[in-house]
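Novice: sharing a model that was predicted from the sequence below.
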Amino acid sequence: MIKKVEHVAIIVADMETSIHFYTSLFGFALRTRGETKTRELAFLYHEAQPDFEIELIRDRTKAESFAQKGIVNHLAFTVDHMEEAISYYREKGIQFLAESPNPSIDGGKTIFFHGPNQEMLQLVEPSEERKRAGIKEE
């Protein structure tokens, strides 16, 4: 029944800061933005995977806060070369939660950091086996 992962929602404190963070650092683009009586919303997509989105939500009122409805542990981004990515994002001001990447259970590499709302984010360099499996034969 499930066709694909649609989006992940992140509760944000400042919509402008959050949109800027994901668009300027990670190459996401703003698809749409709007407001209801209780919330400000924005949907971001990435050109490399346009059918998956990040939904940013800012509660406009304290009553019935959407932030209290649930939590997402982290959002992960794939990178080709972990050390290059770490160096690039450190230059952009990202402070990682470890000095160096950790091995993943399948032989890849991972490292965590926080976004502007203290959301947990992760870079993942897939294992060589996963990289090879992703190559399509022509």
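Specialist: That came in fine, so what should we check first?
Novice: residues touching the worst-scoring helix or strand of the chain on mean pLDDT, excluding its own?
Specialist: One helix or strand of the chain scores below all others by mean pLDDT, DSSP states H and E: helix 128-133, with a mean of 79. For helix 128-133, the external contacting residues (CB atoms under 8 Å, 6 or more residues apart in numbering) are 106, 107, 108. (Each C-beta comes from the backbone N, C-alpha and C, glycine too.)
Novice: one more pass at 6 Å, please.
Specialist: Contacting residues not belonging to helix 128-133 are not present [CB atoms under 6 Å, 6 or more residues apart in numbering].
Novice: residue nearest the centroid of this protein?
Specialist: residue 75 (4.4 Å; CA atoms, centre = their mean).
Novice: is that one in a bridge, and if so with what?
Specialist: residue 121 (DSSP bridges).
Novice: roughly how far is the least confident helix or strand of the chain from the heart of the chain?
Specialist: 22 Å (CA atoms, centre = their mean, to the nearest Å).
Novice: stretch 54-62 too?
Specialist: Centroid separation between stretch 54-62 and its chain, computed with CA atoms, centre = their mean, is 16 Å.
Novice: now do the buried residues in that stretch.
Specialist: 54, 56, 57, 58, 59 (16 or more other CB atoms under 10 Å).
Novice: what's the mean pLDDT across that stretch?
Specialist: Averaging pLDDT along stretch 54-62 gives 86.
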